[in-house]
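what would the 3D arrangement of this be:
(2 chains)
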Amino acid sequence: MWRRSCRLLARFALVSFHDMSVFRTDFVMSLLHNLVYQGIFLIFWKSVLAFTASRLGGWTFPELAVLTSFTLVSAAVAQWFVGLQQLSSKILDGDLDKYLCKPVSPLLALLGESVNALVSFQQLVSAGLLLTAVCLYYRVPLTLGGVAAGLAILALGCATILLIRGCVALSAFWLGDVSRISGLFEISGDFERYPINLFPGWLQGTLTWIVPVGLISTWPVLAFLGKGGPPWAWLAVGAALVLFWSLLFGEIWRRALRRYESFGG
Amino acid sequence: MADVIRTRGLTKTFRVPVKNEQKGFYRRLRHVLVNPSRPFTAVNDLTFHVAEGEILGFLGANGSGKSTTIKMLTGILTPTAGEIDVLGYVPHRQRREYTQHIGVVFGQKSLLWWNIPVIESFKLYRDIYDVSERDFQERLADFAALLEVTEFLHVPVRKLSLGMRMRAEIVASLLHRPRVIFLDEPTIGLDVISRLTLKRFLQRVNEEMGITLFLTTHNMFDVEDLCRRCVIMSRGSVIYDGGVLDLKASGSYKLIELEVLSIDNAPRFRRLLDRCQVLESGATTYKLQVAGTEAQWVIDELFKSCRFANLHIAPPTLEAIIHRIFEEDRAQEQRNVETVLQAAG
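Model (predicted):
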């Protein structure tokens, strides 16, 4: 079934790619949009650092630029799971019916419907361009181990955040409209743009364990740059969080299906 | 023929919110926070079976539990109690294996993808059901020709008319050659021609491919044309399970529509009316319902008592018979309630 579900996801991605690439100039313009948007943050950091003797709590401008690029990578991953944001309304509208009577994973198929493959690709290309430019221009020292650890922590962080979003969305089976709760979670995601080790301890803890935004920006970037101590601790934290949230997600999903009421005939 | 669908004591209970009629601020606030609900039984102790190759008409008024039943049979809903066996599977427990062998069509809800062309939806079905490219092309060619789908294969589903969409839905549901197809009001909102095309196609699919059809509909012509057997639901329970012809025969009365030119023998004509149930009457027109055994006598008396411009004698329609069954069921329920109330003092 997983093979079929993945094939379905791939076809959805293809359809979304075709749909969104109808207008060729859009691709270039979207790239430009991403770069300009990130550029605004880079200007902001440059201006802040002008007042703080070239370092902000240990962060230099090139490191902050790498942090900014990483936010694009996590955004690109999220484009494959945009459906999570619409999941609660789809549950309430009875849209699960379509897949519950087919031999596929209903959840994966429902998420697949909303995949933004092209946007994800554009964001990855933008992130790659920005990261390469920053690393080459500022001669940021990188090691293979650091890069691998950084990307691994980022992957675990993205998985954790998506699983939490999924759990919130699935609570719609019991609570009804949960868009406000999801919205609250999304707002806290804005912290990813800032190095969270600048914040007070309690906030760092919150942004690592409760709303683990730190795992998709600050901690993977520090590992990527070979700073902030051994990356194993963050890999372990990420793995533990992924395990916890996937178990919880699986249990909620099993209970939710039993509770599913579809909608009237 | 072996049974492909069997249910025993099938029950589905939903929770429905209770209206906030509390008095006082704190009680109202508590009601909002707790959001109390009460159970509502949509399907109650349902037991029936469907034989392989059969076309079963599953009938009932709105809210009688038809759609809930079909959703339990297709694995969408989990029953609260009871047993289901379809093709040897328990739908809600063995959903993945089971759904490979069934097709589902909801008249009120598209199972295709709204924004993409019909052919892309079919390709998605091909991937979902793991149909080989060769089989897919062959079946698509056959079904598309029979249901005249070819002309709009490249049009997005959202731009199709209801008739076109239903035809596409039926083709999609057949691409993987299911053994049973569940059709929930497939002819709803269709014009006469589309309905006829669809019915002919379904009949052919049943006869040539031996596919069992489970059909819910409000249209009695669909039932008369397609089904030999039907199950009638009311308030979540079965109130009739038997042949369509038997059901029609059970309406042992005749409807007589009469347009009178002149009444030659008024007392005799009045006596005649007294023996009939007058459903409608105008200045010169009458619609009478008479017991089957009295029909001959009524007609004889009509000839003797009046001259008429028009006389139409017909058996009751299936719709009228089912309406009568519902009325009787409702009256029985009312009597039961009254009995319970009387017993409670």
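
neighbours around A:K90, how many?
Residues near A:K90, counting by other Cβ atoms under 10 Å in any protein chain shown, number 18. (Glycine included, C-beta is placed from N, CA and C.)

that one reaches A:L110, doesn't it?
Yes - using Cβ atoms under 8 Å, A:K90 is in contact with A:L110, at 6.0 Å.

residues that sit against both of the two, list them.
Jointly contacting A:K90 and A:L110 under the rule Cβ atoms under 8 Å, 6 or more residues apart in numbering or on different chains are A:G83, A:L96.

show me the helices in chain A, by range?
Applying DSSP state H to chain A gives helices spanning A:2-20, A:24-51, A:61-78, A:83-92, A:97-100, A:106-112, A:117-137, A:144-170, A:172-175, A:179-188, A:201-205, A:218-224, A:232-259.

and of those, who's closest to B:F221?
B:F221 lies closest to helix A:97-100 among these, at 27.2 Å (Cβ to Cβ).

so where do the helices sit in chain B?
Secondary structure of chain B (DSSP H): helices at B:25-34, B:66-73, B:95-98, B:118-129, B:133-146, B:162-174, B:192-209, B:220-226, B:244-250, B:266-275, B:295-305, B:318-343.

run through chain A and note the low-pLDDT ranges.
For chain A, the stretches with pLDDT under 70 are A:1-2, A:19-24, A:52-53, A:263-265.

near chain B, which residues of it are found?
By Cβ under 8 Å from any Cβ of the partner chain, the residues of chain A that approach chain B are A:1, A:4, A:7-8, A:11-12, A:15, A:19, A:94, A:96-98, A:100-104, A:109, A:113, A:257-258, A:260-262, A:264-265.

mind running it again at 7 Å?
Residues of chain A found near chain B (Cβ under 7 Å from any Cβ of the partner chain) are A:1, A:4, A:7-8, A:11, A:15, A:97-98, A:100-104, A:257-258, A:260-262, A:265.

and those residues, which are buried?
A:4, A:7-8, A:11, A:15, A:97-98, A:100-104, A:257, A:260-262, A:265 (16 or more other Cβ atoms under 10 Å in any protein chain shown).

what about residue 244, neighbour count?
By default, I'm working from chain A. A:F244: 12 neighbours (other Cβ under 10 Å).

try again with chain B
By other Cβ under 10 Å, 20 other residues sit near B:V244.

list the contacts of it.
By Cβ atoms under 7 Å, 6 or more residues apart in numbering or on different chains, the contact set of B:V244 is B:G57, B:V223, B:E224, B:C227, B:R228, B:R229, B:C230.

give me the buried subset of the residues you listed.
Neighbour counting with 16+ other Cβ under 10 Å marks B:G57, B:V223, B:E224, B:C227, B:R229, B:C230 as buried within those.

identify the residue spatially nearest to A:D95, adjacent ones excluded.
A:L110 (6.8 Å; Cβ to Cβ, 6 or more residues apart in numbering or on different chains).

was I right about that neighbour contacting A:G83?
Yes - counting by Cβ atoms under 7 Å, A:L110 does reach A:G83; the two are 5.9 Å apart.

which residue sits closest to B:T47, ignoring its sequence neighbours?
B:T47's closest residue in space is B:R8 (Cβ to Cβ, 6+ apart), at 5.1 Å.

just want the residue of the stretch 1-150 of chain B that's nearest chain A.
Going by Cβ to the nearest Cβ, chain A is nearest to B:S67 of the stretch 1-150 of chain B, at 2.8 Å.

which residues does residue 77 contact?
Just going to use chain A. Contacts of A:V77 were listed using Cβ under 7 Å, 6+ apart, and they are A:C158.

look at chain B instead
B:L77 neighbours (Cβ under 7 Å, 6+ apart): A:Y260, A:S262, B:K12, B:T68, B:K71.

now swap in B:L198 and tell me
Going by Cβ under 7 Å, 6+ apart, B:L198 touches B:M166, B:I170, B:P186, B:T187, B:L190.

what's the pLDDT at the last one?
Spelled out, it's B:L190. In this model, B:L190 is scored at 82, pLDDT.

equivalent analysis for the second one, please.
As summarised for this prediction, B:I170 has a pLDDT of 91.

skipping its backbone neighbours, what lies nearest it in space?
Nearest residue to B:I170, sequence neighbours excluded (Cβ to Cβ, 6+ apart): B:V105, at 6.0 Å.

out of the helices and strands in chain B, which is least certain?
When each helix and strand of chain B is scored by mean pLDDT, DSSP states H and E, helix B:25-34 comes last, with a mean of 73.

just the buried positions in that helix, please.
Using 16+ other Cβ under 10 Å as the test for burial, helix B:25-34 gives B:H31.

dump it to PDB, keeping only the CA atoms.
Output of helix B:25-34 as PDB, limited to C-alpha atoms (Å, rounded to 0.1, in the frame of the first residue of the first chain):
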ATOM      1  CA  PHE B  25     -24.700  32.200  33.300                       C
ATOM      2  CA  TYR B  26     -22.600  29.400  34.900                       C
ATOM      3  CA  ARG B  27     -24.800  26.600  33.600                       C
ATOM      4  CA  ARG B  28     -24.800  28.100  30.100                       C
ATOM      5  CA  LEU B  29     -21.000  28.600  30.300                       C
ATOM      6  CA  ARG B  30     -20.600  25.000  31.400                       C
ATOM      7  CA  HIS B  31     -22.800  23.900  28.500                       C
ATOM      8  CA  VAL B  32     -20.500  25.800  26.000                       C
ATOM      9  CA  LEU B  33     -17.300  24.300  27.600                       C
ATOM     10  CA  VAL B  34     -18.500  20.700  28.000                       C
END
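
no more questions from me, cheers.
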